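pasting a predicted model and its sequence here:
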Amino acid sequence: MKGQVTKRLRRIFAFALCLCLACGATFSSHAAQNQCDCGVSPIVYVAALGSATLYLDAGTPAERVLFRPTDEATQQLVMQLLLPAARYALDRNAEVFAGSIANAVKGMLGELAMDENGDSNPRVTTKTTLPADPAHGIDKDYYFGYDFRVDPMVTADRLHEFIEHVEQLTGHEKVSLRASSLGGIVTMAYLQKYGSGDIDACIFQCCPVLGVAVAGDLFNKKIKLDPDALVRYGVQVLPQVDNGELLKPLIEALDCAGIFDALLGVGDALVNDLKDEIYEQLLIPVFGRMPGLWALVPDVSYESAKAVMLDGSASPILLDRLDYYHYNVMGKAGEILNGAKAGGVRIMFLAGYNMQREPFVESYLNNSDAVDDTIYNAPGAIVAEIGTTLGEGYTQAVDDGHNHLSSDGVIDASTCLLPENTWFAKNMLHSTVHDGHRGLYRLFLESDASFNVHSDARYPQFLVDDTANKRLLPLTSETDPGTAGMEKPSCCNPVDWQALAAQVIALLTDFICRVVPALQNAFAAV
(Lines give C-alpha, C1' and ligand atoms only; values in the text may rest on other atoms or scores of the structure.)
Protein backbone atom coordinates (compact mmCIF):
# COMPACT_ATOMS: atom_id res chain seq x y z
CA MET A 1 0.00 0.00 0.00
CA LYS A 2 2.78 2.35 0.97
CA GLY A 3 4.62 1.54 -2.26
CA GLN A 4 1.55 2.36 -4.36
CA VAL A 5 1.17 5.75 -2.67
CA THR A 6 4.82 6.51 -3.24
CA LYS A 7 4.52 5.48 -6.87
CA ARG A 8 1.48 7.75 -7.35
CA LEU A 9 3.28 10.67 -5.73
CA ARG A 10 6.21 10.15 -8.07
CA ARG A 11 3.87 10.16 -11.07
CA ILE A 12 2.18 13.33 -9.87
CA PHE A 13 5.54 15.00 -9.28
CA ALA A 14 6.81 13.90 -12.70
CA PHE A 15 3.65 15.18 -14.38
CA ALA A 16 3.91 18.53 -12.58
CA LEU A 17 7.58 18.82 -13.54
CA CYS A 18 6.80 18.12 -17.20
CA LEU A 19 3.97 20.64 -17.12
CA CYS A 20 6.25 23.31 -15.65
CA LEU A 21 8.94 22.62 -18.25
CA ALA A 22 6.40 22.74 -21.07
CA CYS A 23 4.90 26.00 -19.82
CA GLY A 24 8.34 27.46 -19.28
CA ALA A 25 9.34 26.57 -22.82
CA THR A 26 6.13 28.12 -24.14
CA PHE A 27 6.56 31.33 -22.15
CA SER A 28 10.24 31.50 -23.09
CA SER A 29 9.36 31.05 -26.76
CA HIS A 30 6.67 33.74 -26.50
CA ALA A 31 9.06 36.13 -24.75
CA ALA A 32 11.69 35.53 -27.40
CA GLN A 33 9.13 36.23 -30.12
CA ASN A 34 8.07 39.44 -28.34
CA GLN A 35 11.62 40.81 -28.17
CA CYS A 36 12.36 43.42 -30.84
CA ASP A 37 15.89 43.68 -32.21
CA CYS A 38 15.32 46.69 -34.50
CA GLY A 39 17.98 48.66 -32.63
CA VAL A 40 15.76 51.72 -32.13
CA SER A 41 14.14 52.23 -28.75
CA PRO A 42 10.49 53.32 -28.93
CA ILE A 43 10.03 57.04 -28.31
CA VAL A 44 7.65 58.42 -25.71
CA TYR A 45 6.65 62.05 -26.26
CA VAL A 46 6.08 63.67 -22.86
CA ALA A 47 3.90 66.51 -24.02
CA ALA A 48 3.49 70.11 -22.89
CA LEU A 49 1.00 71.93 -20.67
CA GLY A 50 -2.51 71.37 -21.96
CA SER A 51 -1.59 68.02 -23.50
CA ALA A 52 -4.71 66.39 -22.09
CA THR A 53 -8.22 67.81 -22.27
CA LEU A 54 -9.80 68.19 -18.83
CA TYR A 55 -13.48 67.34 -18.48
CA LEU A 56 -16.11 67.94 -15.85
CA ASP A 57 -18.36 64.90 -15.37
CA ALA A 58 -16.79 62.96 -18.25
CA GLY A 59 -18.93 60.20 -19.68
CA THR A 60 -22.20 61.63 -18.37
CA PRO A 61 -24.90 63.68 -20.12
CA ALA A 62 -23.52 66.72 -18.25
CA GLU A 63 -19.99 66.30 -19.63
CA ARG A 64 -18.25 69.63 -20.26
CA VAL A 65 -14.77 70.61 -21.43
CA LEU A 66 -12.98 72.67 -18.80
CA PHE A 67 -9.51 72.99 -20.31
CA ARG A 68 -8.68 74.11 -22.81
CA PRO A 69 -11.88 76.18 -23.02
CA THR A 70 -13.78 75.98 -26.28
CA ASP A 71 -14.15 79.03 -28.54
CA GLU A 72 -17.81 79.18 -27.60
CA ALA A 73 -17.00 79.27 -23.88
CA THR A 74 -14.43 82.02 -24.43
CA GLN A 75 -16.88 84.08 -26.47
CA GLN A 76 -19.51 83.73 -23.77
CA LEU A 77 -16.97 84.93 -21.21
CA VAL A 78 -16.31 88.05 -23.29
CA MET A 79 -20.04 88.71 -23.57
CA GLN A 80 -20.45 88.40 -19.80
CA LEU A 81 -17.80 91.05 -19.20
CA LEU A 82 -19.02 93.71 -21.64
CA LEU A 83 -21.61 95.25 -19.32
CA PRO A 84 -19.40 95.16 -16.17
CA ALA A 85 -16.59 96.78 -18.16
CA ALA A 86 -18.89 99.58 -19.29
CA ARG A 87 -20.09 100.07 -15.72
CA TYR A 88 -16.50 100.22 -14.44
CA ALA A 89 -15.66 102.90 -17.03
CA LEU A 90 -18.38 105.04 -15.47
CA ASP A 91 -18.10 104.41 -11.72
CA ARG A 92 -14.47 103.17 -11.36
CA ASN A 93 -15.62 100.66 -8.74
CA ALA A 94 -12.68 98.26 -8.89
CA GLU A 95 -14.04 95.84 -6.31
CA VAL A 96 -17.30 95.31 -8.19
CA PHE A 97 -15.57 94.97 -11.57
CA ALA A 98 -13.00 92.54 -10.16
CA GLY A 99 -15.84 90.53 -8.67
CA SER A 100 -17.55 90.39 -12.07
CA ILE A 101 -14.33 89.18 -13.71
CA ALA A 102 -13.74 86.60 -10.99
CA ASN A 103 -17.29 85.25 -11.17
CA ALA A 104 -17.22 85.01 -14.96
CA VAL A 105 -13.87 83.23 -15.08
CA LYS A 106 -14.81 80.94 -12.20
CA GLY A 107 -17.91 79.98 -14.13
CA MET A 108 -15.64 78.75 -16.91
CA LEU A 109 -12.58 77.49 -14.99
CA GLY A 110 -13.55 77.38 -11.32
CA GLU A 111 -13.88 73.59 -11.20
CA LEU A 112 -10.17 73.34 -11.99
CA ALA A 113 -9.33 74.48 -8.45
CA MET A 114 -7.56 71.89 -6.31
CA ASP A 115 -8.46 71.10 -2.71
CA GLU A 116 -6.44 72.03 0.37
CA ASN A 117 -4.01 69.14 -0.27
CA GLY A 118 -3.48 69.93 -3.95
CA ASP A 119 -5.74 67.12 -5.18
CA SER A 120 -8.30 67.43 -7.95
CA ASN A 121 -12.06 67.47 -7.64
CA PRO A 122 -12.89 63.82 -8.54
CA ARG A 123 -15.41 65.10 -11.08
CA VAL A 124 -12.57 66.67 -13.10
CA THR A 125 -10.73 64.04 -15.13
CA THR A 126 -8.96 63.34 -18.39
CA LYS A 127 -9.79 60.64 -20.92
CA THR A 128 -6.63 58.61 -21.23
CA THR A 129 -5.99 55.39 -23.13
CA LEU A 130 -2.87 53.29 -23.44
CA PRO A 131 -1.40 52.78 -26.94
CA ALA A 132 -2.17 49.52 -28.71
CA ASP A 133 -0.01 49.73 -31.85
CA PRO A 134 3.37 48.01 -31.43
CA ALA A 135 4.80 49.67 -34.56
CA HIS A 136 7.56 52.09 -33.63
CA GLY A 137 10.53 53.86 -35.15
CA ILE A 138 12.77 56.88 -35.19
CA ASP A 139 10.04 59.10 -36.68
CA LYS A 140 7.15 57.84 -34.57
CA ASP A 141 6.38 58.40 -30.92
CA TYR A 142 3.88 57.40 -28.26
CA TYR A 143 2.01 60.43 -26.92
CA PHE A 144 1.87 60.84 -23.16
CA GLY A 145 -0.58 63.53 -22.06
CA TYR A 146 -1.45 64.44 -18.50
CA ASP A 147 -3.33 66.83 -16.21
CA PHE A 148 -1.09 69.89 -15.92
CA ARG A 149 -2.45 70.79 -12.46
CA VAL A 150 -1.37 67.60 -10.74
CA ASP A 151 1.74 67.09 -8.60
CA PRO A 152 4.55 66.13 -11.03
CA MET A 153 5.55 63.33 -8.64
CA VAL A 154 2.08 61.81 -9.10
CA THR A 155 2.22 62.30 -12.87
CA ALA A 156 5.61 60.56 -12.78
CA ASP A 157 3.82 57.44 -11.52
CA ARG A 158 1.56 57.54 -14.57
CA LEU A 159 4.55 58.05 -16.85
CA HIS A 160 6.25 55.03 -15.26
CA GLU A 161 3.19 52.87 -15.98
CA PHE A 162 3.06 54.24 -19.53
CA ILE A 163 6.74 53.44 -20.13
CA GLU A 164 6.31 49.88 -18.83
CA HIS A 165 3.32 49.41 -21.13
CA VAL A 166 5.24 50.69 -24.18
CA GLU A 167 8.17 48.40 -23.39
CA GLN A 168 5.89 45.38 -23.16
CA LEU A 169 3.98 46.44 -26.27
CA THR A 170 7.08 46.90 -28.43
CA GLY A 171 9.37 44.23 -27.02
CA HIS A 172 12.02 46.67 -25.83
CA GLU A 173 13.73 46.93 -22.47
CA LYS A 174 14.14 50.70 -22.73
CA VAL A 175 12.47 53.73 -24.26
CA SER A 176 13.69 57.15 -25.35
CA LEU A 177 11.92 60.26 -24.08
CA ARG A 178 11.25 63.49 -25.96
CA ALA A 179 9.96 66.00 -23.45
CA SER A 180 8.40 69.32 -24.42
CA SER A 181 7.97 72.32 -22.10
CA LEU A 182 6.18 71.22 -18.88
CA GLY A 183 6.86 67.65 -20.01
CA GLY A 184 10.47 68.25 -18.99
CA ILE A 185 9.35 68.82 -15.41
CA VAL A 186 7.41 65.54 -15.47
CA THR A 187 10.48 63.82 -16.91
CA MET A 188 12.72 65.20 -14.17
CA ALA A 189 10.24 64.00 -11.54
CA TYR A 190 10.28 60.56 -13.16
CA LEU A 191 14.09 60.38 -13.20
CA GLN A 192 14.25 61.43 -9.56
CA LYS A 193 11.65 58.87 -8.48
CA TYR A 194 12.34 55.88 -10.73
CA GLY A 195 15.88 56.39 -11.92
CA SER A 196 17.10 56.00 -15.49
CA GLY A 197 17.21 52.22 -15.87
CA ASP A 198 14.39 52.18 -18.43
CA ILE A 199 15.65 55.18 -20.42
CA ASP A 200 17.90 54.99 -23.48
CA ALA A 201 17.95 58.67 -24.49
CA CYS A 202 16.22 61.87 -23.47
CA ILE A 203 15.55 65.07 -25.41
CA PHE A 204 14.54 68.17 -23.44
CA GLN A 205 12.88 70.50 -25.96
CA CYS A 206 12.24 74.00 -24.53
CA CYS A 207 11.84 72.52 -21.04
CA PRO A 208 11.82 74.85 -17.99
CA VAL A 209 13.80 72.46 -15.81
CA LEU A 210 14.67 75.34 -13.47
CA GLY A 211 11.32 77.12 -13.75
CA VAL A 212 9.76 80.01 -15.66
CA ALA A 213 10.19 83.62 -14.58
CA VAL A 214 6.63 84.44 -15.67
CA ALA A 215 5.30 81.93 -13.12
CA GLY A 216 7.55 83.40 -10.45
CA ASP A 217 6.47 86.94 -11.28
CA LEU A 218 2.76 86.13 -11.42
CA PHE A 219 2.94 84.23 -8.13
CA ASN A 220 4.59 87.32 -6.59
CA LYS A 221 2.17 89.88 -8.10
CA LYS A 222 5.01 91.35 -10.18
CA ILE A 223 2.89 92.69 -13.03
CA LYS A 224 4.37 95.24 -15.43
CA LEU A 225 3.18 96.45 -18.83
CA ASP A 226 5.90 97.71 -21.16
CA PRO A 227 5.02 99.29 -24.53
CA ASP A 228 8.34 98.46 -26.20
CA ALA A 229 8.09 94.82 -25.12
CA LEU A 230 4.52 94.65 -26.36
CA VAL A 231 5.53 95.99 -29.77
CA ARG A 232 8.45 93.54 -29.99
CA TYR A 233 6.15 90.69 -29.00
CA GLY A 234 3.70 91.74 -31.69
CA VAL A 235 6.38 92.02 -34.36
CA GLN A 236 8.12 88.74 -33.51
CA VAL A 237 5.48 86.35 -32.23
CA LEU A 238 2.13 87.37 -33.70
CA PRO A 239 3.16 86.81 -37.34
CA GLN A 240 3.38 83.10 -36.46
CA VAL A 241 -0.24 82.84 -35.25
CA ASP A 242 -3.61 83.27 -36.94
CA ASN A 243 -3.99 86.73 -38.54
CA GLY A 244 -0.53 87.63 -37.29
CA GLU A 245 0.59 89.21 -40.54
CA LEU A 246 -2.41 91.54 -40.33
CA LEU A 247 -1.71 92.50 -36.73
CA LYS A 248 1.97 93.31 -37.20
CA PRO A 249 1.60 96.51 -39.30
CA LEU A 250 -1.35 97.59 -37.18
CA ILE A 251 0.74 97.34 -34.01
CA GLU A 252 3.60 99.27 -35.62
CA ALA A 253 1.26 102.02 -36.80
CA LEU A 254 -0.41 102.34 -33.39
CA ASP A 255 2.99 102.53 -31.73
CA CYS A 256 4.22 105.25 -34.09
CA ALA A 257 1.03 107.22 -33.43
CA GLY A 258 1.70 107.08 -29.68
CA ILE A 259 -1.53 105.20 -29.07
CA PHE A 260 0.18 102.29 -27.35
CA ASP A 261 1.70 104.53 -24.70
CA ALA A 262 -1.73 105.99 -23.97
CA LEU A 263 -3.41 102.58 -23.89
CA LEU A 264 -0.79 101.11 -21.60
CA GLY A 265 -1.16 104.10 -19.32
CA VAL A 266 -4.79 103.10 -18.96
CA GLY A 267 -3.69 99.48 -18.60
CA ASP A 268 -1.33 100.35 -15.75
CA ALA A 269 -4.11 102.16 -13.94
CA LEU A 270 -6.42 99.20 -14.49
CA VAL A 271 -3.84 96.77 -13.11
CA ASN A 272 -3.28 98.95 -10.07
CA ASP A 273 -7.02 99.15 -9.45
CA LEU A 274 -7.83 95.48 -9.94
CA LYS A 275 -4.70 93.47 -9.13
CA ASP A 276 -5.25 92.77 -5.45
CA GLU A 277 -8.94 91.97 -5.87
CA ILE A 278 -8.29 89.68 -8.84
CA TYR A 279 -5.67 87.78 -6.88
CA GLU A 280 -7.88 87.43 -3.81
CA GLN A 281 -11.09 86.54 -5.62
CA LEU A 282 -9.75 84.53 -8.57
CA LEU A 283 -6.08 83.68 -8.97
CA ILE A 284 -5.33 82.46 -5.45
CA PRO A 285 -8.49 80.34 -4.93
CA VAL A 286 -8.47 78.81 -8.44
CA PHE A 287 -4.77 78.49 -9.29
CA GLY A 288 -2.96 78.83 -5.96
CA ARG A 289 -3.10 75.16 -4.98
CA MET A 290 -2.03 73.53 -8.26
CA PRO A 291 1.25 71.64 -7.67
CA GLY A 292 1.84 71.43 -11.43
CA LEU A 293 1.98 75.22 -11.69
CA TRP A 294 4.11 75.55 -8.57
CA ALA A 295 6.70 73.32 -10.24
CA LEU A 296 7.21 76.20 -12.71
CA VAL A 297 8.23 78.73 -10.06
CA PRO A 298 12.03 79.34 -10.10
CA ASP A 299 14.04 79.10 -6.92
CA VAL A 300 14.65 82.86 -6.81
CA SER A 301 10.87 83.43 -6.50
CA TYR A 302 9.70 80.33 -4.66
CA GLU A 303 9.64 81.18 -0.96
CA SER A 304 8.26 84.68 -1.51
CA ALA A 305 5.56 83.21 -3.79
CA LYS A 306 4.36 80.94 -1.01
CA ALA A 307 3.76 83.99 1.17
CA VAL A 308 1.67 85.58 -1.59
CA MET A 309 -0.28 82.69 -3.13
CA LEU A 310 -0.95 80.24 -0.30
CA ASP A 311 -3.86 81.31 1.85
CA GLY A 312 -5.06 79.73 5.07
CA SER A 313 -6.72 76.85 3.21
CA ALA A 314 -3.37 75.34 2.18
CA SER A 315 -2.63 72.26 4.28
CA PRO A 316 0.75 70.97 5.53
CA ILE A 317 0.32 68.13 3.03
CA LEU A 318 0.25 70.62 0.16
CA LEU A 319 3.28 72.48 1.50
CA ASP A 320 5.22 69.22 1.77
CA ARG A 321 4.29 68.33 -1.81
CA LEU A 322 5.41 71.67 -3.18
CA ASP A 323 8.65 71.64 -1.20
CA TYR A 324 9.45 68.06 -2.18
CA TYR A 325 9.46 68.81 -5.90
CA HIS A 326 11.15 72.18 -5.54
CA TYR A 327 14.01 71.08 -3.31
CA ASN A 328 14.46 67.43 -4.34
CA VAL A 329 13.89 67.68 -8.11
CA MET A 330 14.44 71.25 -9.28
CA GLY A 331 16.99 71.86 -6.54
CA LYS A 332 18.92 68.71 -7.48
CA ALA A 333 18.58 68.96 -11.27
CA GLY A 334 22.33 68.77 -11.87
CA GLU A 335 22.68 65.70 -9.68
CA ILE A 336 19.74 63.96 -11.40
CA LEU A 337 20.91 64.76 -14.94
CA ASN A 338 24.55 63.90 -14.40
CA GLY A 339 23.51 60.71 -12.63
CA ALA A 340 21.37 59.67 -15.59
CA LYS A 341 24.19 60.52 -18.00
CA ALA A 342 26.68 58.50 -15.93
CA GLY A 343 24.22 55.61 -16.10
CA GLY A 344 24.38 55.62 -19.90
CA VAL A 345 21.43 57.83 -20.80
CA ARG A 346 22.07 60.07 -23.81
CA ILE A 347 20.77 63.57 -23.06
CA MET A 348 20.09 66.62 -25.23
CA PHE A 349 18.82 70.06 -24.25
CA LEU A 350 17.53 72.44 -26.94
CA ALA A 351 16.63 76.01 -25.93
CA GLY A 352 15.39 78.92 -28.03
CA TYR A 353 16.44 82.55 -27.60
CA ASN A 354 16.21 86.05 -29.08
CA MET A 355 12.40 86.12 -28.77
CA GLN A 356 10.47 88.69 -26.75
CA ARG A 357 8.78 86.98 -23.83
CA GLU A 358 5.26 87.79 -22.56
CA PRO A 359 5.22 91.59 -22.06
CA PHE A 360 3.16 91.79 -18.86
CA VAL A 361 5.59 90.79 -16.09
CA GLU A 362 8.68 92.38 -14.58
CA SER A 363 10.97 89.79 -16.19
CA TYR A 364 10.00 90.95 -19.70
CA LEU A 365 13.66 91.57 -20.58
CA ASN A 366 14.70 87.96 -20.00
CA ASN A 367 15.93 86.30 -23.19
CA SER A 368 13.48 83.58 -24.14
CA ASP A 369 11.70 81.52 -26.76
CA ALA A 370 8.70 83.87 -26.27
CA VAL A 371 7.40 81.72 -23.38
CA ASP A 372 10.20 80.22 -21.30
CA ASP A 373 13.48 81.79 -20.20
CA THR A 374 16.63 80.59 -21.95
CA ILE A 375 18.52 80.52 -18.63
CA TYR A 376 16.05 77.94 -17.32
CA ASN A 377 15.53 75.92 -20.53
CA ALA A 378 19.30 75.59 -20.87
CA PRO A 379 19.87 75.09 -17.15
CA GLY A 380 22.92 76.93 -15.88
CA ALA A 381 23.57 79.08 -18.96
CA ILE A 382 24.59 82.73 -18.71
CA VAL A 383 22.40 84.72 -21.14
CA ALA A 384 22.26 88.44 -21.88
CA GLU A 385 18.95 90.28 -21.71
CA ILE A 386 16.90 90.55 -24.89
CA GLY A 387 18.48 92.79 -27.50
CA THR A 388 21.82 93.04 -25.65
CA THR A 389 25.08 91.09 -25.39
CA LEU A 390 27.33 89.94 -22.57
CA GLY A 391 29.62 92.83 -23.43
CA GLU A 392 32.76 93.43 -25.42
CA GLY A 393 35.71 91.49 -24.06
CA TYR A 394 33.55 89.04 -22.13
CA THR A 395 35.53 85.93 -21.12
CA GLN A 396 34.06 82.44 -20.93
CA ALA A 397 33.21 81.71 -17.29
CA VAL A 398 34.46 78.10 -17.27
CA ASP A 399 37.63 77.31 -19.21
CA ASP A 400 37.05 73.65 -20.07
CA GLY A 401 39.13 73.62 -23.24
CA HIS A 402 36.10 74.11 -25.51
CA ASN A 403 34.48 77.26 -26.82
CA HIS A 404 31.00 77.72 -25.41
CA LEU A 405 30.46 81.39 -26.33
CA SER A 406 27.91 82.22 -29.01
CA SER A 407 29.29 84.24 -31.91
CA ASP A 408 26.62 86.92 -31.35
CA GLY A 409 27.91 87.51 -27.80
CA VAL A 410 24.60 86.62 -26.15
CA ILE A 411 25.26 83.25 -24.47
CA ASP A 412 27.93 81.60 -22.36
CA ALA A 413 27.09 77.88 -22.24
CA SER A 414 30.17 76.86 -20.28
CA THR A 415 28.20 77.10 -17.03
CA CYS A 416 25.37 74.81 -18.18
CA LEU A 417 24.64 71.72 -16.11
CA LEU A 418 25.47 69.74 -19.27
CA PRO A 419 27.56 72.13 -21.41
CA GLU A 420 28.50 69.50 -24.00
CA ASN A 421 24.88 68.40 -24.45
CA THR A 422 23.03 71.73 -24.63
CA TRP A 423 22.09 73.34 -27.96
CA PHE A 424 20.62 76.80 -28.61
CA ALA A 425 18.46 77.90 -31.55
CA LYS A 426 18.20 81.62 -32.21
CA ASN A 427 14.66 82.79 -33.09
CA MET A 428 13.11 79.45 -32.11
CA LEU A 429 9.53 79.89 -30.93
CA HIS A 430 8.60 77.85 -27.87
CA SER A 431 8.25 74.13 -28.65
CA THR A 432 7.57 74.85 -32.33
CA VAL A 433 9.45 72.29 -34.39
CA HIS A 434 9.82 71.48 -38.07
CA ASP A 435 11.94 69.22 -40.28
CA GLY A 436 15.13 70.98 -39.18
CA HIS A 437 14.59 70.03 -35.56
CA ARG A 438 13.51 66.54 -36.47
CA GLY A 439 16.74 66.07 -38.42
CA LEU A 440 18.78 66.98 -35.34
CA TYR A 441 16.69 64.70 -33.14
CA ARG A 442 17.05 61.82 -35.59
CA LEU A 443 20.82 62.21 -35.71
CA PHE A 444 20.99 62.33 -31.91
CA LEU A 445 18.80 59.25 -31.42
CA GLU A 446 20.76 57.24 -33.98
CA SER A 447 24.14 58.18 -32.47
CA ASP A 448 26.01 56.71 -29.52
CA ALA A 449 26.64 58.20 -26.10
CA SER A 450 29.58 60.28 -27.35
CA PHE A 451 27.35 62.54 -29.49
CA ASN A 452 27.60 66.17 -28.35
CA VAL A 453 27.72 69.76 -29.57
CA HIS A 454 31.08 69.13 -31.27
CA SER A 455 30.11 65.91 -33.10
CA ASP A 456 28.55 67.24 -36.31
CA ALA A 457 29.43 70.50 -38.05
CA ARG A 458 25.83 70.81 -39.27
CA TYR A 459 24.58 71.04 -35.69
CA PRO A 460 27.04 72.97 -33.51
CA GLN A 461 26.06 74.33 -30.11
CA PHE A 462 24.62 77.55 -31.51
CA LEU A 463 22.05 77.40 -34.32
CA VAL A 464 19.62 79.64 -36.18
CA ASP A 465 16.01 78.55 -36.61
CA ASP A 466 15.25 79.25 -40.27
CA THR A 467 11.52 78.73 -40.02
CA ALA A 468 10.78 79.92 -43.55
CA ASN A 469 12.82 77.06 -45.00
CA LYS A 470 12.24 74.62 -42.13
CA ARG A 471 15.87 74.09 -41.28
CA LEU A 472 18.42 74.68 -38.55
CA LEU A 473 21.61 76.45 -39.59
CA PRO A 474 24.89 76.97 -37.75
CA LEU A 475 25.01 80.45 -36.22
CA THR A 476 27.60 82.43 -38.19
CA SER A 477 28.06 86.03 -39.25
CA GLU A 478 26.30 85.10 -42.51
CA THR A 479 23.29 83.34 -40.97
CA ASP A 480 22.85 85.52 -37.86
CA PRO A 481 19.52 87.39 -38.05
CA GLY A 482 20.89 89.84 -35.50
CA THR A 483 18.34 91.72 -33.44
CA ALA A 484 15.67 91.80 -36.13
CA GLY A 485 12.39 92.52 -34.40
CA MET A 486 14.15 93.91 -31.33
CA GLU A 487 14.23 97.52 -32.52
CA LYS A 488 11.25 99.82 -32.30
CA PRO A 489 9.67 100.32 -35.73
CA SER A 490 10.79 103.42 -37.57
CA CYS A 491 8.15 106.11 -37.39
CA CYS A 492 9.82 108.17 -40.09
CA ASN A 493 8.38 106.05 -42.87
CA PRO A 494 4.91 107.09 -44.07
CA VAL A 495 2.09 104.76 -43.11
CA ASP A 496 0.09 103.25 -45.96
CA TRP A 497 -3.25 104.08 -44.37
CA GLN A 498 -5.27 102.54 -47.20
CA ALA A 499 -3.53 99.19 -46.82
CA LEU A 500 -3.76 99.46 -43.05
CA ALA A 501 -7.50 100.16 -43.26
CA ALA A 502 -7.96 97.08 -45.40
CA GLN A 503 -6.12 95.01 -42.83
CA VAL A 504 -8.20 96.40 -39.98
CA ILE A 505 -11.38 95.60 -41.91
CA ALA A 506 -10.14 92.04 -42.41
CA LEU A 507 -9.48 91.69 -38.69
CA LEU A 508 -12.88 93.14 -37.77
CA THR A 509 -14.58 90.82 -40.23
CA ASP A 510 -12.90 87.83 -38.65
CA PHE A 511 -13.82 89.10 -35.18
CA ILE A 512 -17.47 89.62 -36.14
CA CYS A 513 -17.68 86.14 -37.65
CA ARG A 514 -16.50 84.73 -34.34
CA VAL A 515 -18.53 86.94 -31.98
CA VAL A 516 -21.90 87.33 -33.73
CA PRO A 517 -22.88 83.66 -33.20
CA ALA A 518 -22.11 84.08 -29.49
CA LEU A 519 -24.24 87.24 -29.35
CA GLN A 520 -27.10 85.46 -31.10
CA ASN A 521 -26.92 82.63 -28.58
CA ALA A 522 -26.83 85.10 -25.70
CA PHE A 523 -29.93 86.96 -26.94
CA ALA A 524 -31.68 83.66 -27.64
CA ALA A 525 -31.05 82.61 -24.04
CA VAL A 526 -32.69 85.85 -22.85
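Looks like it came in fine.

residue 460 touches residue 453, doesn't it?
Yes. Using Cβ atoms under 8 Å, residue 460 makes contact with residue 453 at a distance of 6.2 Å. In short, each C-beta sits where N, CA and C put it, glycine included.

of those two, who's got more company?
Legend: neighbour count by other Cβ atoms under 10 Å for residue 460 and residue 453, higher for residue 453 (22 against 19).

wait, isn't the more buried one in contact with residue 422?
Yes. Residue 453 is in contact with residue 422 according to Cβ under 8 Å; the separation is 7.2 Å.

mutual contacts of the two, please.
Common contacts of residue 453 and residue 422, defined by Cβ atoms under 8 Å, 6 or more residues apart in numbering, comprise residue 461.

ok but residue 325 is inside a helix, no?
Yes. Residue 325: assigned to a helix according to DSSP: H, G, I helix; E, B strand; the rest coil.

residue 158 contacts residue 151, correct?
No. With contact defined as Cβ under 8 Å, residue 158 and residue 151 do not form a contacting pair (11.0 Å).

more crowded one of those two?
Ranked by neighbour count (other Cβ under 10 Å), residue 158 and residue 151 place residue 151 first, with 24 against 18.

got a list of what the more buried one touches?
Residue 151 is in contact with 118, 291, 292, 321, 325, counting by Cβ under 8 Å, 6+ apart.

how deep is the spatially closest residue to residue 296 that is not a sequence neighbour tucked in, by neighbour count?
Of all residues not flanking residue 296 in the chain, residue 215 sits nearest, at 3.8 Å (Cβ to Cβ, 6 or more residues apart in numbering). When neighbours are counted by other Cβ under 10 Å, residue 215 registers 22.

surely residue 215 is in contact with residue 292?
No. Residue 215 lies out of contact with residue 292 (Cβ under 8 Å); the separation is 10.6 Å.

over to residue 45. Which of the three states is it?
Per three-state DSSP, the secondary structure class of residue 45 is strand.

please name the bridge partners of it.
With DSSP bridges as the criterion, residue 45 is bridged to residue 143, residue 178.

for it, give me its contacts.
Counting by Cβ under 8 Å, 6+ apart, the residues that residue 45 touches are 141, 142, 143, 144, 178, 179, 180, 183.

quick one: the helices in the stretch 401-526 of the chain?
Taking DSSP state H, counting those that start in this stretch as the test, the helices found in the stretch 401-526 of the chain are 435-446, 497-525.

meant to ask about the stretch 101-250 of the chain
Under DSSP H, counting those that start in this stretch, the stretch 101-250 of the chain gives helices at 152-170, 182-194, 213-218, 227-236, 244-256.

I'd like those helices as CSV, with mean pLDDT and distance to residue 126 appended.
Formatted as CSV, those follow (pLDDT from 0 to 100; distance: least, Cβ to Cβ, whole Å):
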stretch, mean pLDDT, distance to residue 126
helix 152-170, 98, 10
helix 182-194, 99, 14
helix 213-218, 98, 22
helix 227-236, 82, 31
helix 244-256, 65, 31
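
relative to residue 345, which of these is closest?
When those are compared by Cβ to Cβ, helix 182-194 sits nearest residue 345, at 8.4 Å.

buried ones in the closest one?
182, 183, 184, 185, 186, 187, 188, 189, 190, 191, 192, 194 (16 or more other Cβ atoms under 10 Å).

what's that helix in contact with?
With Cβ under 8 Å, 6+ apart as the test, helix 182-194 has contacts from 45-49, 51, 144, 146, 148, 152-153, 155-157, 159-160, 177, 179, 199, 202, 204-209, 292, 295-296, 325, 328-330, 332-333, 336-337, 340.

and residue 399, how close does it get to residue 381?
Relative to residue 381, residue 399 is positioned 16 Å away (Cβ to Cβ, to the nearest Å).

higher neighbour count, the two?
residue 381 (26 against 9).

circling back: the helices of the stretch 401-526 of the chain: lowest mean pLDDT?
Among the helices of the stretch 401-526 of the chain, helix 497-525 carries the lowest mean pLDDT, a mean of 49.
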